[in-house]
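In: build me a model from this:
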Amino acid sequence: MKGLGVILFCVLAMASAQSWHGGRPGGFPGGGRPGGRPGGFPSVTAPPASCRRWCETPENAFYCCESRYEPEAPVGTKILDCPKVRDTCPPVRFLAVEQPVPCSSDYKCGGLDKCCFDRCLGQHVCKPPSFYEFFA
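Out: Below you'll find the predicted structure:
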């Protein structure tokens with residue numbers, strides 16, 4: 001009975017987070033889409049068997065953002081929003097202490113960080129959230 005309560009809590013929390021955060025119908029939390037063809041629709045041709053999750057770019061293109069060989073982790077969306085995606089890339093600087101962390105879901109990022117598309121890297125990476133819309 002306790003296990004059923006935990007499952008119910010998780011389902012309600014996820015539904016609440018999606019409705020509060022403006023989840024898209026048919027989308028998957030954190031930007032990734034599980035298995036199959038991008039968009040989750042069946043197709044005549046089989047997708048690459050090595051891809052577990054597909055992520056969407058701002059231009060609505062899809063790419064494999066998590067291979068099936070990576071350790072499985074919880075999938076979900078954290079509150080707040082990603083920072084705005086840049087239109088162009090700034091000049092390269094070599095002052096970065098930490099390397100970007102690739103991700104397929106917000107839950108792959110530590111703390112409040114979110115899984116957001118980075119135009120310069122061409123993939124989703126963990127980034128600090130934008131607080132602008134939260135306080136606007």
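
In: least trustworthy helix or strand in the protein by mean pLDDT?
Out: Comparing helices and strands within the chain by mean pLDDT, DSSP states H and E singles out helix 2-21 as the least confident, with a mean of 42.

In: and the strands in this protein?
Out: Here the chain has its strands, by DSSP state E, at 32-34, 51-56, 62-67, 114-118, 123-127.

In: so which of those strands gets nearest Leu80?
Out: strand 114-118 (6.8 Å; C-beta to C-beta). C-beta: built from backbone N, CA, C; applies to glycine.

In: what angle do that closest one and strand 123-127 make?
Out: Relative orientation of strand 114-118 versus strand 123-127 (axes from the mean of the first three to the mean of the last three C-alpha atoms, to 10 degrees): 130 degrees.

In: show me what strand 114-118 is packed up against.
Out: Packed against strand 114-118 by the contact rule (3 or more C-beta pairs under 8 Å, 6 or more residues apart in numbering; DSSP states H and E) you find strand 123-127.

In: what mean pLDDT does the strand it packs on have?
Out: The pLDDT scores in strand 123-127 average 98.

In: can you check stretch 75-87 too?
Out: pLDDT averaged over stretch 75-87 gives 94.

In: buried ones in that stretch, by neighbour count?
Out: Of all the residues in stretch 75-87, those buried under the rule 16 or more other C-beta atoms under 10 Å are Val75, Gly76, Thr77, Lys78, Leu80, Asp81, Cys82.
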